[in-house]
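1. have a look; sequence and predicted model below, questions after that.
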Amino acid sequence: MLDHRIHIPTDARDGAPLFVLLHGRGSDMDDLMALQPHLPAEAIVVTPRAPFPGAPWGYGPGWAWYRFLGGDRPEPESFSAAQRALREFLAALADLLPVAPGPLVLGGFSQGGTMSLAHALLAPGRVPMVLNFSGFLANHPELVVSPESVRGCGIFWGHGIQDTSIPFALAEQGREVLRQAGADLDARDYPIGHWIAPEELRDMLAWVEPRLAGQGS
């Protein structure tokens, strides 16, 4: 079980939307909990910690989801291990909550966005909504983008056009692959670097709230 933080509203009810947010490289489980006040008030928010210490790979004192090889390439072994850990975490999560959760929104920033997008594509039909903030579409031997893998999953992909950590060209490349497969993709660009802009959060909420309402949350 991955270490994690959980925010549960005081009036939480069965069917509450469940946001699982994955931090970026070199960060920790407290990072994206800062987004909780900006999310729907009824939402349960969970922020797991990545399984690998970042220091051995030169990523500082925080944690990492995988070793990065450059471009759009995660190291296959650590990436697969993190995906297994995330899958097991999500499967066990309902037992940790005091109510039965509703629709899952899986998302993250940078490495967390890359992981979230890949996880949805590797488990077609299990993740109805993905938030990819400044991540990329991973080039990994297990990850195949097809009409079957994108079916039933809405994807919000925000990216800074001045991003030097994960260049905007990678966003354009990954988005085109998803479009060719027929993905339900909302791509948004911002005049920023490698971070999440306030207007990006507003756009994400405008995208996710009608979908939550449509799924009976």
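-> Sure, I can see it.

2. so the residue most central in space within the chain, which state does it fall into?
-> Centroid-nearest residue in the chain: residue 107, 2.1 Å away (criterion: C-alpha atoms, centre = their mean). Assigned by DSSP: H, G, I helix; E, B strand; the rest coil, the conformation of residue 107 is strand.

3. let's number from 10 now, not from 1
-> Got it, first residue is 10 now, which makes that one residue 116.

4. that one and residue 137, how far apart?
-> Note on residue 116: its distance to residue 137, by C-beta to C-beta, to the nearest Å, is 12 Å. Heads up, the C-betas are built off the backbone N, CA and C, glycines and all.

5. which strand or helix spans residue 208?
-> helix 207-223 (DSSP states H and E).

6. how about the contacts made by the closest residue to residue 66 other than its chain neighbours?
-> With C-beta to C-beta, 6 or more residues apart in numbering as the criterion, residue 66 has its nearest non-adjacent residue at 5.2 Å, and that residue is residue 76. Counting by C-beta atoms under 8 Å, 6 or more residues apart in numbering, residue 76 makes contact with 61, 66, 83-84, 87.

7. which pLDDT value goes with the residue nearest to the centre of the chain?
-> Here, the pLDDT recorded for residue 116 equals 98.

8. which residue is the nearest non-sequential neighbour of it?
-> residue 140 (2.7 Å).

9. quick one, the host helix or strand of the one you found and helix 207-223 angle?
-> Here residue 140 sits within strand 138-142, counting by DSSP H and E. When axes from the mean of the first three to the mean of the last three C-alpha atoms, to 10 degrees is applied, the directions of strand 138-142 and helix 207-223 differ by 170 degrees.

10. buried ones in the helix or strand just after strand 138-142?
-> Next helix or strand after strand 138-142 toward the C-terminus (DSSP H and E): helix 156-159. Across helix 156-159, burial judged by 16 or more other C-beta atoms under 10 Å covers 158-159.

11. roughly how far is helix 156-159 from the heart of the chain?
-> 18 Å (C-alpha atoms, centre = their mean, to the nearest Å).

12. in contact with the residue nearest to the centre of the chain, which residues are there?
-> Residues near residue 116 by C-beta under 8 Å, 6+ apart: 28-31, 122, 125, 138-142, 165.

13. which one of those sits closest to residue 157?
-> residue 139 (16.0 Å; C-beta to C-beta).

14. any idea how far that closest one is from residue 129?
-> For residue 139 relative to residue 129 (C-beta to C-beta), the value is 5 Å.

15. list residues touching both of these two?
-> 115, 162, 164.

16. drop anything exposed from those residues.
-> Buried subset of the shared contacts of residue 139 and residue 129 (neighbour count, 16+ other C-beta under 10 Å): 115, 162, 164.

17. model confidence for the residue nearest to residue 66, exactly?
-> 98.

18. residue 224 now?
-> At residue 224, pLDDT is 74.

19. could I get the contacting residues of it?
-> Applying C-beta under 8 Å, 6+ apart to residue 224 gives the contacts 111-112, 137.

20. distance check, residue 218 against residue 95.
-> Counting by C-beta to C-beta, the gap from residue 218 to residue 95 is 25 Å.
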